[in-house]
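A.B. asks: Quick one, fold the following:
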Amino acid sequence: MRICIVGPANSAHIVKWCNWFSTHGHEVHVISFIPGEIEGAHVHLIDVGVDAGGSDVGKLKYLLTGGQIKKLIREINPDVVNAHYATSYGVAMALSGVKGYALSVWGMDIYDFPKKSPLHRALLKFSLRRAGFLFSTSQAMADEASQYIKRKFIITPFGVDTRLFRPVDAAGSDDIFTVGTVKALSDKYGIRHILEAVAEIREEGEIPIRLRIAGKGPQEEEYHQLAKDLKIDDITTWLGFISQEEAAAEWAGMDIALVPSTLESESFGVSAVEAEACETPVIIADIPGLMEATSPGQTSLVVPRKDSKALAEAIRKLYADPELRKKLGKNGRQYVLEKYELKHCFRKIEKCLKKISKINGDIR
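C.D. replies: Below is the predicted model of the structure:
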């Protein structure tokens, strides 16, 4: 197929999609408002002068690109078009006049954007209504979107490479109990609660706990200072931004993975899936997208969101029960192999795109 993706070329998610499809015999084009290069894909830039972190007012310029998008799609002549992000590229696509395209929603566009104002809500409804087909990475997010449109979503979950994310023999040690996470440094991902939980355990002095946190983010300095204030900076390792290969090694080397996100815009817990693939037991918050990414009680323990004490208690429980840790880890790996293996997930998306291309015929 010749696939045209409409979305930001600097998005890790879109790069992942392009890499998979381009290495599996498809010709991939990307129409982006953000500069970027993607190996194996042809990137077509529409420069609107607004970066990804720009204001909503600035992004109104996206609404003026419909004619350019339609012209590029005619030139590319794709078999199928897949727009990503309902409230930016999705609105631009809705105004382009192109028919029969698939629209992938990603999280903030469904959970946060429509709550800003009646206008934001109307834009989301308009975007969802104009798309020919609707994709969601989780059933939880599709359920959230159902309050804006009564249509079926095709579930296209994140997959992980289980050859990369796999268990290793050296995970953990007898004298050091390692917990941690690989997430952006933001309160949305519960980093503050991780620090507070570890501080509570460290103060008790019964568990030889160590904390490893990988990621960058807007609250990095704040968290570094909080670790000092909580007197756990000496047992906390800040890894910064790390590669996928390094992330796999980190998850596999932990005794427990911590993913206590605080907001429902965490539409799917890909970090939890990565940890599960490494046979690492996971503690998650009671966010629908996280619970969908695990099997609560079988691959993960669930704690109330924003509850540092409950998180600390769950860590204690797993420390005291090595057999439970082993059970959760083994179950987690099997759960991912059955539901979220990268190849299987993308084969499903590929099958959906092929079906859409046959339904549409000539979509231009």
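
A.B. asks: Just the buried positions in whichever strand or helix holds His44, please.
C.D. replies: Assigning secondary structure by DSSP states H and E places His44 in strand 41-45. Residues of strand 41-45 classed as buried by neighbour count (16 or more other Cβ atoms under 10 Å): 41, 43-44. The C-beta positions use only the backbone N, C-alpha and C, and glycine is treated the same way.

A.B. asks: try stretch 349-362
C.D. replies: Neighbour-count burial for stretch 349-362, with 16+ other Cβ under 10 Å as criterion, is recorded at 349-350, 352-353, 356-357, 360.

A.B. asks: same thing with stretch 100-119?
C.D. replies: Neighbour-count burial for stretch 100-119 flags 100-107, 109-111, 113-114 (criterion: 16+ other Cβ under 10 Å).

A.B. asks: And the helices in the stretch 51-200 of the chain?
C.D. replies: Taking DSSP state H, counting those that start in this stretch to define them, one finds helices in the stretch 51-200 of the chain at 66-76, 89-94, 108-111, 118-130, 139-145, 191-204.

A.B. asks: Can you tell me which helices and strands the fifth one packs against?
C.D. replies: Using 3 or more Cβ pairs under 8 Å, 6 or more residues apart in numbering; DSSP states H and E as the contact criterion, the secondary-structure elements in contact with helix 139-145 are helix 108-111, strand 133-136, helix 288-293.

A.B. asks: deepest of these, which one?
C.D. replies: Of all the helices and strands packed on helix 139-145, helix 288-293 carries the top mean neighbour count, a mean of 24, counting by mean count of other Cβ atoms under 10 Å.

A.B. asks: Mind giving me the packing neighbours of the helix or strand just after that one?
C.D. replies: Next helix or strand after helix 288-293 toward the C-terminus (DSSP H and E): strand 300-303. Here strand 300-303 touches strand 282-285, helix 308-320, helix 322-339, going by 3+ Cβ pairs under 8 Å, 6+ apart.

A.B. asks: which residues touch strand 300-303?
C.D. replies: Here strand 300-303 makes contact (Cβ atoms under 8 Å, 6 or more residues apart in numbering) with 260, 272, 276, 281-286, 291, 294, 296, 310-311, 313-314, 317-318, 328, 332.

A.B. asks: Now do the contacts for the spatially closest residue to Ser295 that is not a sequence neighbour.
C.D. replies: Of all residues beyond its chain neighbours, the one nearest Ser295 is Tyr335 (5.4 Å), with distances taken as Cβ to Cβ, 6 or more residues apart in numbering. Tyr335 is in contact with 276, 294-295, 298-299, counting by Cβ under 8 Å, 6+ apart.

A.B. asks: Please check the residues you listed and keep the buried ones.
C.D. replies: Looking at the contacts of Tyr335 with 16+ other Cβ under 10 Å, the buried ones turn out to be 276, 294-295, 299.

A.B. asks: Closest to Gln147 out of those?
C.D. replies: Sorting those by distance to Gln147 puts Thr294 at the head of the list, at 25.0 Å, by Cβ to Cβ.

A.B. asks: which one among the contacts of Tyr335 gets closest to Pro218?
C.D. replies: Ranked by distance to Pro218 (Cβ to Cβ), the contacts of Tyr335 are led by Thr294 at 26.8 Å.

A.B. asks: List only buried entries from the contacts of strand 300-303.
C.D. replies: When the contacts of strand 300-303 are checked for burial by 16+ other Cβ under 10 Å, the buried set is 260, 272, 276, 281-286, 291, 294, 310-311, 314, 318, 328, 332.

A.B. asks: rewinding a little: of all pairs in the buried residues of stretch 100-119, which one spans the longest distance?
C.D. replies: When the buried residues of stretch 100-119 are compared pair by pair using Cβ to Cβ, the two farthest from each other are Gly100 and Tyr111, 26.8 Å apart.

A.B. asks: quick one: Gly132 and Glu338, what's the gap?
C.D. replies: Here the distance between Gly132 and Glu338 works out to 31 Å (Cβ to Cβ, to the nearest Å).
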